[in-house]
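Engineer: Quick one, what's the 3D model for this:
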Amino acid sequence: MQITMNNQTYLYSGMFTTALRWVAGWTYFSAFWRRLILENKLNPEEAGYIGEKFNHFLPHALGIKPIIENLVSNPESLWWAMASFTIIEGIVGLLFMLGLFTRLMSIGVFSLAFGILLGSGWLGTTCLDEWQIGVLGAASGFTIFMSGGGKYSLDEYLTRKNISFTTKKWFRFLGSGNLPLKDPTISKTILIGSVFILALTLFTNQYFHGGVYGKLHNLSVRPHVTISDASIINNTLSFTVFRDEGADVYGSFLIEIKLKDKQGKILFEQNQVQLSKLTKEQIKNDYVAKVKPGKHSLILPLGAKARLKFQIPEHEKAVYTLELIDISGESWTTIIQ
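Structural biologist: Modelled structure (predicted):
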């Protein structure tokens with residue numbers, strides 16, 4: 001088969017990006033490999049369930065928070081979504097590395113990276129890990145779409161073997177080889193796509209971390225708990241806790257709860273031993289990441305939201321302050337009227 005200069009150019013451009021294609025492909029295929037081959041992370045009853053990891057995305061996801069909240073509120077739907085997502089990552093990553101239908105798989109890589117960026121770009125205690133994975137994955141997907149698989153790809157192997165579908169116009173859009181577009185169109189596509197990805201990178205870097213201007217911030221460093229809907233009815237203290245900041249691999253460990261009046265007198269308190277022995281009836285979880293008693297404290301995983309209830313002594317109607325104290329020394333308060 002005679003190769004035109006245009007085909008030759010694409011053959012070399014795809015060859016030059018081989019390492020990028022292999023490494024980017026492995027980052028997605030390895031997710032499938034880790035979750036199903038090395039361990040079973042799709043079992044909701046075992047530690048490390050991927051659904052709980054997905055729940056960690058919830059507090060500061062960009063644009064897709066309602067989708068995440070709906071899934072983590074419905075465990076069965078979440079399992080199917082996680083299983084489907086894992087299989088898609090495996091297929092896309094493997095075929096991307098092999099260079100089979102390379103451009104179609106590059107669209108998959110871009111889409112997966114974009115979803116990761118929006119969902120978890122705010123996570124990463126030291127190196128903005130998830131944000132980097134997202135933006136580099138998006139750039140890799142776009143780059144390989146433009147270059148194709150090149151010499152070291154199954155697309156090229158099938159083309160050399162004169163497989164009939166490799167001569168079709170659609171294959172050049174979904175596989176490899178020269179794009180059936182005019183040079184000015186290709187130039188504009190590369191420029192517009194590159195500007196879009198750079199803009200996406202700068203916008204998300206600023207949105208999640210303040211990394212372009214102003215003060216830097218990292219919401220993954222320190223635990224934070226939001227208290228809402230606190231009330232006292234019929235000597236029952238109830239309130240909702242939502243762990244919305246901090247590292248995804250490290251919980252917030254509540255070691256004390258205090259209910260105080262205006263003079264600072266303590267009406268009710270629970271120490272870490274008592275919190276470690278709370279019953280299921282006292283905790284109503286909303287999501288798959290669950291607030292639960294630990295050995296020495298009450299554990300609040302990232303993204304967990306629960307309603308807590310306590311029976312308190314009889315008291316006069318007044319304004320009270322509810323204080324939660326973390327093992328790190330951090331504390332969070334709210335007023336109950």
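Engineer: so Pro313 touches Ile232, yeah?
Structural biologist: No. Pro313 is not in contact with Ile232 according to Cβ atoms under 8 Å; the separation is 10.9 Å. All C-beta spots, glycine's among them, are computed from the backbone N, C-alpha and C.
Engineer: Now Ser228: closest residue in space that isn't a chain neighbour?
Structural biologist: Thr240 (4.8 Å; Cβ to Cβ, 6 or more residues apart in numbering).
Engineer: what are the ranges of the helices in the stretch 201-337 of the chain?
Structural biologist: For the stretch 201-337 of the chain, applying DSSP state H, counting those that start in this stretch gives helices covering 272-275.
Engineer: contacting residues for Phe96?
Structural biologist: 21, 24-25, 28-29, 102, 105-106, 108-109, 144 (Cβ atoms under 8 Å, 6 or more residues apart in numbering).
Engineer: per-residue confidence at Gln2?
Structural biologist: Here, the pLDDT recorded for Gln2 equals 40.
Engineer: How about Lys317?
Structural biologist: For Lys317, the predicted pLDDT is 87.
Engineer: so how far is Lys215 from the residue nearest to Leu174 when sequence neighbours are not counted?
Structural biologist: Counting by Cβ to Cβ, 6+ apart, Leu104 is the residue found nearest to Leu174 once chain neighbours are left out, at 4.3 Å. Going from Leu104 to Lys215 by Cβ to Cβ, to the nearest Å gives 42 Å.
Engineer: Please say which of these two ends up with more neighbours.
Structural biologist: Leu104 (17 against 5; other Cβ atoms under 10 Å).
Engineer: going on from the host helix or strand of the more buried one, what's the next piece of helix or strand?
Structural biologist: Element membership for Leu104 (DSSP states H and E) is helix 102-120. Heading C-terminal from helix 102-120, the first helix or strand you meet, by DSSP H and E, is helix 129-147.
Engineer: List the buried residues in the next helix or strand after that following helix.
Structural biologist: As assigned by DSSP H and E, the chain's next helix or strand after helix 129-147 is helix 154-160. Neighbour-count burial for helix 154-160, counted by 16 or more other Cβ atoms under 10 Å, picks out 154-159.
Engineer: Give me the more crowded residue out of Pro313 and Ile232.
Structural biologist: Using other Cβ under 10 Å, the more surrounded residue of Pro313 and Ile232 is Ile232, with 21 against 8.
Engineer: Identify the residue nearest that one in space, chain neighbours excluded?
Structural biologist: With Cβ to Cβ, 6+ apart, the residue lying closest to Ile232 is Ile336, at 5.9 Å.
Engineer: same deal with Glu130?
Structural biologist: Using Cβ to Cβ, 6+ apart, the nearest residue to Glu130 is Ser120, at 4.0 Å.
Engineer: And for the one you found, the neighbour number?
Structural biologist: Neighbours around Ser120, by other Cβ under 10 Å: 26.
Engineer: center of this structure, which residue is that?
Structural biologist: Ser120 (3.3 Å; Cα atoms, centre = their mean).
Engineer: can you pull the contacts of it?
Structural biologist: 56-57, 61, 130, 134.
Engineer: Next: Phe114.
Structural biologist: Counting by Cβ under 8 Å, 6+ apart, Phe114 has contacts 134, 137-138.
Engineer: let's see it at 10 Å
Structural biologist: Going by Cβ atoms under 10 Å, 6 or more residues apart in numbering, Phe114 touches 134-135, 137-138, 141, 197, 200.
Engineer: hang on, the earlier thing: distance of the residue nearest to Ile232 from Ile266?
Structural biologist: For Ile336, the distance to Ile266 - Cβ to Cβ - is 14 Å.
Engineer: which neighbours do those two share?
Structural biologist: Counting by Cβ under 10 Å, 6+ apart, the residues touching both Ile336 and Ile266 are Leu259.
Engineer: more crowded one of the two?
Structural biologist: Shown here are Ile336 and Ile266; by other Cβ under 10 Å, Ile336 has more neighbours (16 against 10).
Engineer: That one bridge partners, please.
Structural biologist: Tyr320 (DSSP bridges).
Engineer: Show the contacting residues for it.
Structural biologist: 227, 230-232, 237-239, 259, 318-322.
Engineer: For the helix holding Leu104, the averaged confidence score.
Structural biologist: 97.
Engineer: ok, now stretch 236-246?
Structural biologist: Here the average pLDDT along stretch 236-246 is 96.
Engineer: And it, what's buried?
Structural biologist: Quick answer for stretch 236-246 (16+ other Cβ under 10 Å): 237-239, 241-246.
Engineer: Among those residues, which one lies nearest to Ala306?
Structural biologist: Val241 (6.0 Å; Cβ to Cβ).
Engineer: Show me what the worst-scoring helix or strand of the chain on mean pLDDT is packed up against.
Structural biologist: Between all helices and strands in the chain, the lowest mean by mean pLDDT, DSSP states H and E belongs to helix 5-16, at a mean of 83. Counting contacts by 3 or more Cβ pairs under 10 Å, 6 or more residues apart in numbering; DSSP states H and E, helix 5-16 packs against helix 129-147, helix 154-160.
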